[in-house]
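Peer 1: from the sequence below, what's the structure:
(2 chains)
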Protein chains: 2
Amino acid sequence: MTGVTVGIVGLGLIGGSLARHLAANGSHVIAWNHRSHPYEQARRDGITCVDTLDELASARPQLIVLCNPLKAMPDMLSRLAPLIDRGTTTLTDVGSVKGLVRQQVVSAGLGDCYVGAHPMTGTEHSGFEASDPGLFDHALWAITVDESTDYQRFLTVARMITEGCANRCIVIDDTTHDRAAALISHMPHVVATALINELTDNPDRNIAAALAAGSWRDMTRVALTDPQRTRAMVDEDAENVQTLLRHMADRLTRVADALQHGDTQAIGTFFSHGQPFRDYKAACVHDTAATRITMPLEPASWRSQLLQSARQGEQLVALRGDMRAVIERHPAVSV
Amino acid sequence: MTGVTVGIVGLGLIGGSLARHLAANGSHVIAWNHRSHPYEQARRDGITCVDTLDELASARPQLIVLCNPLKAMPDMLSRLAPLIDRGTTTLTDVGSVKGLVRQQVVSAGLGDCYVGAHPMTGTEHSGFEASDPGLFDHALWAITVDESTDYQRFLTVARMITEGCANRCIVIDDTTHDRAAALISHMPHVVATALINELTDNPDRNIAAALAAGSWRDMTRVALTDPQRTRAMVDEDAENVQTLLRHMADRLTRVADALQHGDTQAIGTFFSHGQPFRDYKAACVHDTAATRITMPLEPASWRSQLLQSARQGEQLVALRGDMRAVIERHPAVSV
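Peer 2: You can find the predicted model right below:
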């Protein structure tokens, strides 16, 4: 990323960690935060901090990464829209939902310069004080594109990830992202919250809490984080979360029925059904030498080529000139 | 526990760890396993290993702890019944369900010398090779009693825990134990399994698996352990698990309905409902100097006194002569 300037909007947990990780890896990072309290430390980490969004935009960074809270997104976009040099600057973000952010970006008239992104990292803490460039060591990102996404702009975001961060990514569409995020994060957060609600309502709650060991602790950890943040995440992906909650309710009811009727076959099927995922996890442990292949991308179909690759469990580790993608093959969940 | 002999039946993960922990803390431990492969290492750890249950019973240990798998329990009990010196030996176990074990003990005609026990420790591994005396450092046990439990026999088990293991315990009845265990362990294991089944059935399972981060890893960890062991645990506590699965299905359906209808009040209530548990967990972090009190126990009501104490979040750390219990006060889930 020599010579590339990355602008970071919002030095919270993710923005702060990303800015510090990029700076430590040699990128020029310029950052703005709505309050200046992180600036002293950020400057020691080699980050150029500015007092206004105007200053940030005027530096004409190749990339601006919106790391502000999702609820501040419409405001940020409307403030940035008149300031950005659209020819030079590509816009991306790190939000945990992608369909909604793209709608907001399009509404602000910035759709042309936008490519979505979501780094799969974080902790239960928040704020610059909790930031840690190590959060971006070996991180995997989702990049989201649509039919109108320009390849050069995609390349700018992908190279920040693969070169600037030395990370990997998969390239998918917003809908696929938001469904997958609902499955592996948003819906499970609701399930964890339902578990602590069930304990809270139990007359023997203190006995249950005393006896709780590793399984309970792990399954409820995310219910202990800020419930308002979780709520926002669920609200923003409500349609997908709702569908998955009904699937889960149905699965749990069917197990209850099988237990009630002593249906040993149904119980056996329930416990063996997820074996492909167990096998996949076991294979991942031994996945020490992933195979790399170079895949030529076609101008008309690079989006679907990369989506198909992601569906097979492959990850993008580099992009060469002439639209050549370097792909790593990883274990897949084989049903 | 000077002069006390503890007999251990079954040197698996829990039996092996307990035997080694007791021996390291100065108890005389005599052990039998259905296969002799752990004996060489166990003897190095100061454990007396014997080849038959007859030899174990003939040593007339004050306490025999059944650490065999639950499915072997009826067989073990019928083999031990004619061998045990009932005047000397008290019988206990470490099974994760207590009502079923008591039924089996009573069926074997050993009800008079039985006190139930369940140490809240373990790992996802099994077998003596995976045993670790450190599993019993600072462990909490449940002791289960019924109306017929003799105080002296209870004392024998409680002192193995508080003196022999330097552990703590709570004293409850089988029903309360099995309901609480279903809530904090057995039902959550089903939920974790349902989560991996949901991923397995998703057409974008590889994308979801790639994006999965800490919340998914924690919430599905227990679904990766031996599904047959989980199934056995669920089968043995089927009635309680079934009830709780229906509660969970209902909770998840209500959130889905609220998301569908944009019922912000219901969603708000859902996310705030478990706040007493979050507050309790926060209080536990600062619970560094628990208050200890001495509680005189009454011959007619010691069981209900100790159950009431457990319901308030208290734990038993020692038993003195003249029926005096030393109790530690811990934070409670205050609704």
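Peer 1: make it CA atoms for all contacts and neighbour counts henceforth
Peer 2: Fine.
Peer 1: name the SS class of the residue nearest the centre of chain A, please.
Peer 2: For chain A, the residue nearest the mean C-alpha position is A:H118 (3.2 Å; C-alpha atoms, centre = their mean). On the three-state scheme (DSSP: H, G, I helix; E, B strand; the rest coil), A:H118 is labelled strand.
Peer 1: roughly how far does it sit from chain B?
Peer 2: Distance of A:H118 to chain B, computed by C-alpha to the nearest C-alpha, to the nearest Å: 9 Å.
Peer 1: separation between the closest residue to that residue other than its chain neighbours and chain B?
Peer 2: With sequence-adjacent residues excluded and distances taken as C-alpha to C-alpha, 6 or more residues apart in numbering or on different chains, A:H118 is closest to A:V94, at 4.5 Å. Plainly put, A:V94 is 14 Å away from chain B if you go by C-alpha to the nearest C-alpha.
Peer 1: next: A:H21.
Peer 2: Taking C-alpha to the nearest C-alpha, one finds A:H21 at 19 Å from chain B.
Peer 1: show me where pLDDT drops low in chain A?
Peer 2: A:1-3 (pLDDT under 70).
Peer 1: off-centre distance for stretch A:204-224?
Peer 2: Remark: stretch A:204-224 is offset 27 Å from the chain centroid, using C-alpha atoms, centre = their mean, to the nearest Å.
Peer 1: could you do stretch A:141-157 as well?
Peer 2: The answer for stretch A:141-157 is 15 Å, by C-alpha atoms, centre = their mean.
Peer 1: can you check stretch A:37-51 too?
Peer 2: 25 Å.
Peer 1: got it, and stretch A:286-303?
Peer 2: Mean C-alpha position of stretch A:286-303 versus that of the full chain (C-alpha atoms, centre = their mean) differs by 21 Å.
Peer 1: report the buried residues of it.
Peer 2: Counting neighbours by 16 or more other C-alpha atoms under 10 Å in any protein chain shown, one finds that the buried residues in stretch A:286-303 are A:M295, A:L297, A:W302, A:R303.
Peer 1: in what helix or strand does A:T200 lie?
Peer 2: Under the criterion of DSSP states H and E, A:T200 resides in helix A:187-201.
Peer 1: what's the first helix or strand after that helix?
Peer 2: helix A:205-211.
Peer 1: need the next SSE after that following helix, C-terminal direction.
Peer 2: helix A:214-220.
Peer 1: which elements pack onto that next one?
Peer 2: helix A:187-201, helix B:187-201, helix B:214-220 (3 or more C-alpha pairs under 8 Å, 6 or more residues apart in numbering or on different chains; DSSP states H and E).
Peer 1: next structured bit after that helix?
Peer 2: Heading C-terminal from helix A:214-220, the first helix or strand you meet, by DSSP H and E, is helix A:227-236.
Peer 1: angle of that next one against helix A:187-201?
Peer 2: If you take axes from the mean of the first three to the mean of the last three C-alpha atoms, to 10 degrees, helix A:227-236 sits at 130 degrees to helix A:187-201.
Peer 1: tell me the buried residues in helix A:227-236?
Peer 2: Of the residues in helix A:227-236, those buried under the neighbour-count criterion (16+ other C-alpha under 10 Å) are A:P227, A:T230, A:R231, A:M233, A:V234, A:D235, A:E236.
Peer 1: same deal with stretch A:205-219?
Peer 2: Within stretch A:205-219, the residues scored as buried using 16+ other C-alpha under 10 Å are A:205-216, A:218-219.
Peer 1: tell me which of those is nearest to A:N25?
Peer 2: A:D218 (33.4 Å; C-alpha to C-alpha).
Peer 1: for the closest one, which residues are in contact?
Peer 2: Contact analysis of A:D218 by C-alpha atoms under 8 Å, 6 or more residues apart in numbering or on different chains lists B:D218, B:M219, B:R221.
Peer 1: returning to what we had before: okay, and which of the buried residues of stretch A:286-303 map to helices?
Peer 2: Among the buried residues of stretch A:286-303, the members found in helices (DSSP state H) are A:W302, A:R303.
Peer 1: buried sites along the helix holding A:T200?
Peer 2: Buried-residue list, helix A:187-201, by 16+ other C-alpha under 10 Å: A:187-200.
Peer 1: what helices or strands is it leaning on?
Peer 2: Going by 3+ C-alpha pairs under 8 Å, 6+ apart, helix A:187-201 lies up against helix A:205-211, helix A:214-220, helix A:227-236, helix A:238-260, helix B:214-220, helix B:238-261, helix B:264-272, helix B:275-285.
Peer 1: which ones among the buried residues of helix A:227-236 also lie next to chain B?
Peer 2: With C-alpha under 8 Å from any C-alpha of the partner chain as the criterion, those include A:P227, A:R231, A:D235 near chain B.
Peer 1: and which of those residues is nearest to chain B?
Peer 2: A:P227 (5.8 Å; C-alpha to the nearest C-alpha).
Peer 1: and the residue nearest to the closest one when sequence neighbours are not counted, how many neighbours does it have?
Peer 2: Take A:P227 and drop its neighbours on the chain: the residue closest to it by C-alpha to C-alpha, 6+ apart is B:F271, 5.8 Å away. When neighbours are counted by other C-alpha atoms under 10 Å in any protein chain shown, B:F271 registers 21.
Peer 1: so B:F271 touches A:R229, yeah?
Peer 2: No - between B:F271 and A:R229 there is no contact under C-alpha atoms under 8 Å: 10.1 Å.
Peer 1: quickly find the element holding the closest residue in space to A:A208 that isn't next to it in sequence.
Peer 2: In space, and not counting its chain neighbours, A:A208 is closest to B:A180: 4.7 Å by C-alpha to C-alpha, 6+ apart. In the assignment (DSSP H and E), B:A180 maps to helix B:174-181.
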